[in-house]
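Chemist: Sequence first, then the predicted structure, then my questions.
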Amino acid sequence: MTTKNSPRDNVLDSLCDLTQRTQAVKAWGKELGFQEIRIADAAADVSQSESGLKRWLAEGYHGEMDYMGKHGTRRTRPAELVPGTLRVISARMNYMPEAKDSWEVIADGDKAFISRYALGRDYHKVLRGRLQNLAERIAAEVEPFNYRVFSDSAPVMEVEWAQKSGAGWRGKHTLLLTRDAGSMFFIGEIYTDLPLMVDDPIGNYCGSCTKCIDICPTQAIIGPYRLDARRCISYLTIELKGSIPEMLRPLIGNRVYGCDDCQLICPWNKFAAYTGEADFAVRNGLDDVSLVQLFGWSREEFDTRLAGSPIRRIGHEQWLRNLAVGLGNAPSSPAVLAALQARRDDPSPLVREHVRWALQTHENRRN
């Protein structure tokens with residue numbers, strides 16, 4: 001004689017299947033090199049973040065990043081961007097390579113400081129490939145499903161969804177923080193219609209600390225959780241395509257691609273672990289290289305040496321602009337002045353402008 005399962009039994013069986021499926025997804029993610037996989041409900045309330053984004057845009061803090069104002073609520077509502085989305089899978093991958101001590105490089109005015117996330121291969125490619133592999137693994141072992149992977153590549157509020165999933169909390173510098181890995185990691189997402197168990201958010205553990213705000217070279221962090229991107233060195237050296245405002249150039253120092261100061265000073269980053277990813281290992285000695293050496297690279301050298309690097313995205317002209325600012329802030333020496341003089345008549349008006357400023361800066365020091 002067979003006995004029918006009760007409705008309660010069916011519910012328990014469904015929950016068991018859902019739990020096992022979710023655990024499997026997380027395990028497969030770790031097999032692919034992610035340090036953590038967390039899951040958020042795509043229907044979670046993000047109204048506070050939506051209103052915060054609108055205020056930020058209205059105040060003009062996004063600068064020339066016009067894409068931040070596009071797409072409307074699709075940026076905060078996954079189902080509007082990818083219809084049918086039920087869950088947001090957030091994946092974390094550590095990126096900190098074994099490299100020359102950052103503070104030592106920043107303190108040496110002859111050296112070029114490059115944000116540590118950019119010393120190896122372009123993370124967009126690495127994360128997108130791994131996320132795609134994870135989605136294909138799920139489809140093969142669980143069931144076919146609809147999904148789309150993201151790696152800083154579409155209107156997705158990555159930190160917000162990672163925070164909703166319990167992957168960490170938003171620090172006062174606006175980056176995602178975790179107690180066991182600090183902030184030296186990348187995050188990517190999979191929007192999916194696959195039912196999965198949802199993780200709970202965690203608390204905020206910044207407390208009364210304001211070190212990230214206090215250390216910002218350009219005072220771009222204008223208050224807890226408030227960033228004026230127009231003053232941020234990462235924006236100025238990467239996102240801004242034109243002339244860097246003169247008043248900010250001396251504050252940039254030797255930071256020629258990005259800035260890590262707010263992360264380097266954060267107490268939680270004492271827990272940041274070195275990456276095991278070969279793709280993120282230092283290339284071309286960029287962790288400890290002179291401004292003069294980099295400024296001497298031709299366009300062909302730039303394209304060849306930085307093939308596969310995120311730095312290549314800004315192009316040779318913008319690269320030289322940044323380096324000219326770094327050389328203007330460097331200690332005066334025959335090598336520095338000769339390097340600047342060699343590009344005084346550069347074909348690019350943008351480069352010429354910043355070279356002239358750098359040479360004038362050195363001239364003013366002598367007088």
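Modeler: Done, it's in.

Chemist: can you give me the strands for this protein?
Modeler: With strands called from DSSP state E, the chain shows them at 36-41, 87-94, 111-114, 147-150, 169-170, 176-177, 185-192, 221-223, 226-227, 255-257, 289-290.

Chemist: The fourth one: partners in the sheet, and parallel or antiparallel?
Modeler: In this case it means strand 147-150. strand 185-192 (antiparallel) (DSSP bridges).

Chemist: Show the contacting residues for residue 280.
Modeler: 95, 96, 97, 117, 119, 120, 121, 123, 126 (CB atoms under 8 Å, 6 or more residues apart in numbering). Bear in mind the C-beta positions are built from the backbone N, C-alpha and C, glycine included.

Chemist: Based on its surroundings, how many neighbours for the spatially closest residue to it that is not a sequence neighbour?
Modeler: Closest residue to residue 280 apart from its sequence neighbours, by CB to CB, 6 or more residues apart in numbering: residue 120 at 4.0 Å. If you count neighbours by other CB atoms under 10 Å, residue 120 ends up with 24.

Chemist: mind checking how far the residue nearest the centre of the chain is from residue 312?
Modeler: With distances taken as CA atoms, centre = their mean, residue 186 lies nearest the centre of the chain, 6.3 Å away. Taking CB to CB, to the nearest Å as the measure, residue 186 falls 18 Å from residue 312.

Chemist: Next: residue 62.
Modeler: Distance from residue 62 to residue 312, by CB to CB: 24 Å.

Chemist: So the two - more neighbours on which side?
Modeler: residue 62 (20 against 16).

Chemist: Quick check: the more buried one touching residue 229?
Modeler: Yes: if you go by CB atoms under 8 Å, residue 62 and residue 229 touch, sitting 5.7 Å apart.

Chemist: where does the stretch 101-250 of the chain dip in pLDDT?
Modeler: Regions of the stretch 101-250 of the chain meeting the criterion pLDDT under 70 are absent.

Chemist: Surely the residue nearest to residue 280 is in contact with residue 287?
Modeler: No: when contacts are counted by CB under 8 Å, residue 120 is not listed as touching residue 287 (10.0 Å).

Chemist: Quickly list what's touching both of those two.
Modeler: residue 97.

Chemist: Could you dump the strands of the chain into TSV with distance to residue 54 added?
Modeler: As requested, the strands of the chain are arranged in TSV below (distance: least, CB to CB, whole Å):
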stretch	distance to residue 54
strand 36-41	21
strand 87-94	21
strand 111-114	34
strand 147-150	22
strand 169-170	17
strand 176-177	21
strand 185-192	22
strand 221-223	17
strand 226-227	14
strand 255-257	30
strand 289-290	42
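
Chemist: Of all those strands, which one is nearest residue 350?
Modeler: strand 255-257 (14.8 Å; CB to CB).

Chemist: Could you spell out the sheet neighbours of that closest one, each with its direction?
Modeler: Strand pairing for strand 255-257, using DSSP bridges, gives strand 111-114 (parallel).

Chemist: circling back: of the contacts of residue 280, which belong to helices?
Modeler: 123, 126 (DSSP state H).

Chemist: Looking at the contacts of residue 280, spot the one nearest residue 134.
Modeler: Checking the contacts of residue 280 one by one against residue 134 (CB to CB), the nearest turns out to be residue 126, at 12.8 Å.

Chemist: Wait, the closest one touches residue 275, no?
Modeler: No: checked against CB under 8 Å, the pair residue 126 and residue 275 is beyond contact range at 10.4 Å.

Chemist: Show me the common contact partners of the two, please.
Modeler: Shared contacts of residue 126 and residue 275 (CB under 8 Å, 6+ apart): residue 93.

Chemist: just the helices in the stretch 151-300 of the chain please.
Modeler: Counting by DSSP state H, counting those that start in this stretch, the stretch 151-300 of the chain has helices at residues 158-164, 211-215, 233-234, 249-252, 261-264, 291-295, 299-305.

Chemist: Which one of those helices lies nearest to residue 23?
Modeler: Nearest of the helices of the stretch 151-300 of the chain (CB to CB): helix 158-164, 19.5 Å.

Chemist: which helices and strands does the closest one pack with?
Modeler: Judged by 3 or more CB pairs under 8 Å, 6 or more residues apart in numbering; DSSP states H and E, the packing partners of helix 158-164 are strand 36-41, strand 87-94, strand 169-170, strand 176-177, strand 185-192.

Chemist: got these as TSV, with distance to residue 214 columns?
Modeler: Putting the helices and strands packed on helix 158-164 into TSV (distance: least, CB to CB, whole Å) gives the following:
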stretch	distance to residue 214
strand 36-41	29
strand 87-94	26
strand 169-170	18
strand 176-177	17
strand 185-192	23
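
Chemist: Mind listing what's buried along stretch 35-45?
Modeler: The neighbour-count check on stretch 35-45 (16 or more other CB atoms under 10 Å) flags 35, 36, 37, 38, 39, 40, 41, 42 as buried.

Chemist: what about stretch 184-199, how long is it end to end?
Modeler: One end of stretch 184-199 to the other measures 22 Å (CA to CA, to the nearest Å).

Chemist: Equivalent analysis for stretch 146-155, please.
Modeler: End to end - CA to CA - stretch 146-155 spans 18 Å.
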